[in-house]
Structure formats: structure tokens, C-alpha cells
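Q: Take a look and give me a structure for this.
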Amino acid sequence: MASEQKQHPSPNHYDIVIVGAGPVGLMLSTCLARWGYKIKHIDNRPEPTATGRADGIQPRSLDLLRNMGLKSAIMAHKPARVYEVAFWDPPTGGKGIARTGTWASCPDFIDARYPFTTLLHQGLIERAFIADLEKNNTTVQRPWTITGFTSDEQADPEYPVSVELQHVDGTFKESVKAKYLFGGEGARSFVRDQLKIGITHKDPIAYVWGVMDGVVKTDFPDIKMKCTIHSEHGSIMVIPREDNMVRLYIQIASSTDPDFNPRKTATVEEVQASAKRILQPYSIEWERVEWYSVYPIGQGISDKYTLDHRVFLGGDACHTHSPKAGQGMNTAFLDALNLAWKIHAVEGGLAHKSILETYEPERKDVAETLLSFDNKYAKLFSQRPPSSNEVAAATAQKASSGAEENEFIKTFKESCSFTSGYGVAYKANQLNWSPEHPAQSHVIAKSDALVPGRLFRNADVTRVVDANVVHLEQEIPLNGAFRLFVFAGKPSVTGQALKDFAAGLAKKNSFYSAYQRADIDSVSHHERHNPHSKFFTICTIFAAKRNEIEISRDLPALLARYKDNVYADDRWSRNYPDAKAMAHAKMGLDEERGGVVVVRPDGYTGVVVALEEGSATVDALNAYFGAFASKKLGETQAQL
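A: The predicted model follows:
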């Protein structure tokens, strides 16, 4: 990596300055610190979040946290897990509220490894990241703030960003130089304001909500579940939390009110009184209140995420929306991850800096989808309660054959997919192959199962070296490298293709060898994931029983070097009962001939290529990586 291979000109020179130590800033800092970058990270708060704020970790984010090795630290706090959502409304012809249906938080039609939402207050999540940062010699400097910055690549091409920092009490000041500046300091972003980047509001503020965390005594039967409650007295959302707490989102003002004021506020006692009215005929009392806030709900999106691809924005600095779907922190995580690996690819020498131009369109498109969803989600729950038959149909894995889904069922499925994180998709660009991509070859596969720009799919396989059954998508940790999953089919069928593939990778002008580690001669024998290159990790999956696979016999030396990443596709799945090789089938690949799947460092599919004898497979991958690589990659056909 660039930051490991050369010294900075002075102690005041950094790879990046990160402003804000909320979820987006901490995720970005954690990734880059692990990959060896020098970071100046500041936050204007004296301590991490003490109580309240964001609390929902969606299934896709939990996948990511496990991939980073942070899941166990977070789950040690015993967060609440939401598997189902209950819907409460006024009963027909009666008073009070009654349960009108329940549905799975993450239904079976979403292929989630963890089909639940994890609820834990933001401060405990922040501390898991902060502890990891400290292991990598990075600390958050508190309480400091940014007072100014300039970006001038002509004056200083390598460290174009000059940043002025100050202790919040004004006693100390500091001037630093950086390659990049990141504004992750929330909706009132100083960095965004200084760039004069506007916020486009989708709708005027229509609601004011109170949010209260605390321990309650109640006879409401679903207090341990996520609930959406509508009554003649208003609306509440119930969110269970760690340590016997519960969060209540309580609507205290609406634009339909004759005296509506978006700046309306309310006391704790007033909001508690409102909650008691809404929950009738059930009672509720508070043993203690840990956190309380009142805020208007508006939907806004930043007009730009960057102006020069040196100063970037992310998280709430870019998008504001309702908290009811639990998307804020999760979207922030993925903003940061998207930018982190792209900075790493550029600064590590793998990719041309034009790759940074994909950050804004990829993540802004997701934010646009989020805001549209948020608007639709609110209307879905406020305009028309679903019938019990609709709920049953929506939660079923498949709709009845030939039956047309109504608007509620369609919206339900779309919203579940999106809120879980698995429905996020990136459009075609140099990273996500499409028929318009510069890489064109007869071996590039088009599959409905693995779509470029969508997440790589979950699959269980058996690791050959130790017979452990493992989650294939988790076997390569978040290390900034592209993941090459070589689905090798039957060894008797693909033997020559694998030899040709390895020979193509070994050529000095291949994408793989062009970025060979400078310290390759001193790499430990036990290096599992990156023995040859910091930017590529290889897994090989055979469509065979584990005891039928002999690594030294079935794999050429280059692929056999990744012996800990060789797997047998021999697990059975009820969703693929007739498949002889479930993972191959799930990926839409031929069970005998396999294929090669390139997965971006953030877990999204880049391209799928057939595994063929000769040079075509590596040639196609050279063309794919050549669309953004910093070096010219040549074809291998003439050399094989």
C-alpha cells in the first residue's frame, strides 16, 4: 500500500482527514487504518455517543460486521433481535387498538444469513469500532472541529488538501495537509456548507416525532417486538432494545394539524401522555427514561457528494430521512465502505483515480432509492392497513402460481429487500460489467443469479483442509482485495482449464501478476489470503465430495498456494434439492464446467466469466480489470 511503502513529508501530512466519528466516519477510518493508511480523525464531541441516536443493524450490515471481525464485539452486548413486525390498528367497530397482522422482518424470499434486525444503541456500536482503531494505531482526536480547508491539486498534486483544525474551546489550533478530506459530521455539515453544496428536499417537513428510550412496565403484549401502531389518538412505532429497554417513536405533530409547526416540541411528560392515549386499552409506565429527543422528519439529499474527488461527503451529510425503517446507520456504513476500498485501490497503485468518480453515482443512487422508499413506506403504513390475507400472501416465499400480486404485496417485498440491505444494487460502470463495458468476450457470462452490481450470494461449502462447513461469502475477510471465486466444477472436466487459467495468471502482463507484492519473497507460508498480491484473493470451489479432492493433484501450484481457500461444493440445500453442487447451482453456473466470479472488495459482483481451456478466461479478466487498472494489461493468448 502506498502509505506503507513511503514516508510522508512531515508529521503533519496525512493520507486522509476524517471529520466526524459517527457510523460513517468510524467505518471509513477503520477500513483505511487496517490497510495501513495514516489518518487524522477528529470529532467535536468529548466522548462517543452516550445514549440514543441510531440503533438498528440490518441483516446485510451484520454480514459486513462479521466479515470485519466486529460482529462478536457488538453481539456481546446482547442486543435485541427483531424477527417479526406486528401491525396494530383500531378494530372494526370498536375502540382502542388490536393486532391486525404480523410478518417476518426478513422473510424467506430474502436469502439472508441473519434474518433479523439487531437493536443496540449507537454508542456501543461506535465503541466496537474505536477499539479496533486503537489496535491499528489510530485514535479519534476529541473534542476538535474543522474551521476551514482548501483543495488545490495544481499547487500540490500529492497532498492537495489543506485543513485547519481547532480544539472546540479555541485553545489549540492545527494545520495539516492531506490527500483526501471526508465530511461525515452529520446533517449540519461544515464541509458541505463550505463547498456550497445544496440539499434538495423531496417533500416539506410533514411530521414531528418524539423518540424515547427507556425501561417500561406495560401489559401491551408485543412490547418485545417491533410494532407499528395506529390509533385514533395518533401513531407509535415500538422498537425493542438491549437491557430490557424499549424505544418508542411517537408522532406529536402532523402537517394535517390546523396549527402545524415543524419546530413544535414537547416535554417528556407530554409525549408519555400521548403514548398512553395511543396504547389504550393497554397501560404503560416508565421505570426510567434513558434518552429523549424531538425532531422534524424531512427528506433531503445532497446535490453532490464531491466536487473534485479529493473532498468527499458521506452519511447524514448527504441524506436525511425518516428513522422508522432503520436505514440511516446502515446506509452510512455502506457509503464509507464504498469510498474506502476505492481510495485504497487508487493509493495502493491498483486503479486509476477515475475509479473515485463512481462513488457519488453509486451511493447517491442508493440514497435516492432510500428516500423514495421512505416516502412510500410511510404511506404504506399510514394510508391503508393490510388485511390478514395480504399479510399471509406477502410473507409467503412465493405467490400463488399465476396470481397477480397487489400493490401492498409488491411494496412489502420491495421494502423488505431494500431494508435488509440485500436489495441494494449498483448500476453499470467500469466496475460492474454490462454489454456496454469495454471488456467484451464470448466467455463473459450473463446470469440472473449473479448480476454485476448486486451482492455475491450466500452459500455453504466444506473447506477441504479441515472438513469445516463454512459460509463461502465470509471466507475472505474485508481486506481491500478483489475476490476471485473459481468455481472449478468437476476436476475430471476442468483440469486443463484450471492449468491454463493459472498459467494465464502467472504471465507478467496479467491483471494478477502486474500487481504482485513487492515483499513476495518474505511472505509467510501461513499467509492465507494475500500471498501474491494485496489486491486479489482466490478461492477455488470444486463440484465434488471433500474426500474426492486432492489439492496437490487437482490444482496447479499457483492456485494450490491458496490451500486454505479450497472447498468442496457438497452441501445439500432444501432450496436446491436436486442440485449435485448447490453453490454452483445457486450462482447459476454449470455444475461440471464452473466459472470465475469476480467480487469487488465490498462484496458486490463485478463480472462472471466462463472457465474455458486456453487463454480466453484470463483475457476477459484482463479486459475487465483493464477498464480501471493503473497499468496496461495485455492479452495472454500469444504466450500460452
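
Q: Can you show me the strands along the stretch 151-300 of the chain?
A: 161-167, 173-183, 199-218, 226-231, 234-240, 246-254, 284-302 (DSSP state E, counting those that start in this stretch).

Q: Out of those, which is closest to Leu478?
A: strand 173-183 (18.2 Å; C-beta to C-beta). For every residue, glycine as well, the C-beta is placed using N, CA and C.

Q: Just want the most central residue of this structure.
A: Leu334 (3.7 Å; C-alpha atoms, centre = their mean).

Q: Shouldn't it be within a helix?
A: Yes - applying DSSP: H, G, I helix; E, B strand; the rest coil, one finds Leu334 inside a helix.

Q: what's the neighbour count on the closest residue to Ile520 other than its chain neighbours?
A: Distance criterion C-beta to C-beta, 6 or more residues apart in numbering; nearest residue to Ile520, sequence neighbours excluded, is His532 at 6.5 Å. Other residues lying near His532 total 21 when counted by other C-beta atoms under 10 Å.

Q: what's the spacing between Ala345 and Arg60?
A: From Ala345 across to Arg60, the span is 22 Å (C-beta to C-beta, to the nearest Å).

Q: got any ranges where the stretch 401-550 of the chain has weak pLDDT?
A: Across the stretch 401-550 of the chain, residues meeting the criterion (pLDDT under 70) sit at 401-413.

Q: Arg81: which element?
A: Per DSSP states H and E, Arg81 falls inside strand 80-82.

Q: Show the subsequent helix or strand relative to that strand.
A: Criterion used, DSSP H and E; the element after strand 80-82 is strand 84-89.

Q: strand partners of that next one, parallel vs antiparallel please.
A: strand 98-104 (antiparallel), strand 226-231 (parallel) (DSSP bridges).

Q: where along the stretch 301-450 of the chain do the helices fall?
A: Secondary structure of the stretch 301-450 of the chain by DSSP state H, counting those that start in this stretch: the helices cover 328-347, 359-383, 388-395, 407-420.

Q: And those helices, which one averages the lowest pLDDT?
A: Sorting these by mean pLDDT places helix 388-395 lowest, at a mean of 56.

Q: Help me confirm that Glu164 comes into contact with Phe149.
A: Yes - with contacts counted by C-beta atoms under 8 Å, Glu164 reaches Phe149, the gap being 6.6 Å.

Q: neighbour count winner among these two?
A: Phe149 (21 against 14).

Q: Confirm that the more buried one lies within a strand, as I assumed.
A: Yes - assessed by three-state DSSP, Phe149 belongs to a strand.

Q: Return the distance of the closest residue to it other than its chain neighbours relative to Pro46.
A: Distances taken as C-beta to C-beta, 6+ apart put Val163 closest to Phe149, at 4.6 Å, once the chain neighbours are dropped. As defined by C-beta to C-beta, Val163 lies at a distance of 21 Å from Pro46.

Q: Who has more neighbours out of these two?
A: The neighbour comparison of Val163 against Pro46 (other C-beta under 10 Å) goes to Val163, with 24 against 8.

Q: where do the helices sit along the stretch 451-600 of the chain?
A: 491-506, 551-554, 557-560, 582-586.

Q: which of the ones you listed sits most buried?
A: The highest mean neighbour count among those, using mean count of other C-beta atoms under 10 Å, belongs to helix 582-586: a mean of 23.

Q: what is the mean pLDDT for it?
A: Averaged across helix 582-586, pLDDT comes to 96.

Q: So which residues make contact with it?
A: Helix 582-586 is contacted by residues 449, 457, 459-461, 472, 487, 489, 541, 543, 569, 571-573, 575-576, 579, 590-591, 594 when judged by C-beta atoms under 8 Å, 6 or more residues apart in numbering.

Q: Tell me which entries of the residues you listed lie within strands.
A: Asp460, Val461, Phe487, Gly489, Ile541 (DSSP state E).

Q: Contact partners for Arg241?
A: Arg241 touches Asp55, Pro79, Ala80, Leu119, Leu120, His121, Asp213, Arg247, counting by C-beta under 8 Å, 6+ apart.

Q: my read: the fourth one touches Pro240, true?
A: It stands for Leu119. Yes - in this structure Leu119 lies within contact range of Pro240 using C-beta under 8 Å: 6.1 Å.
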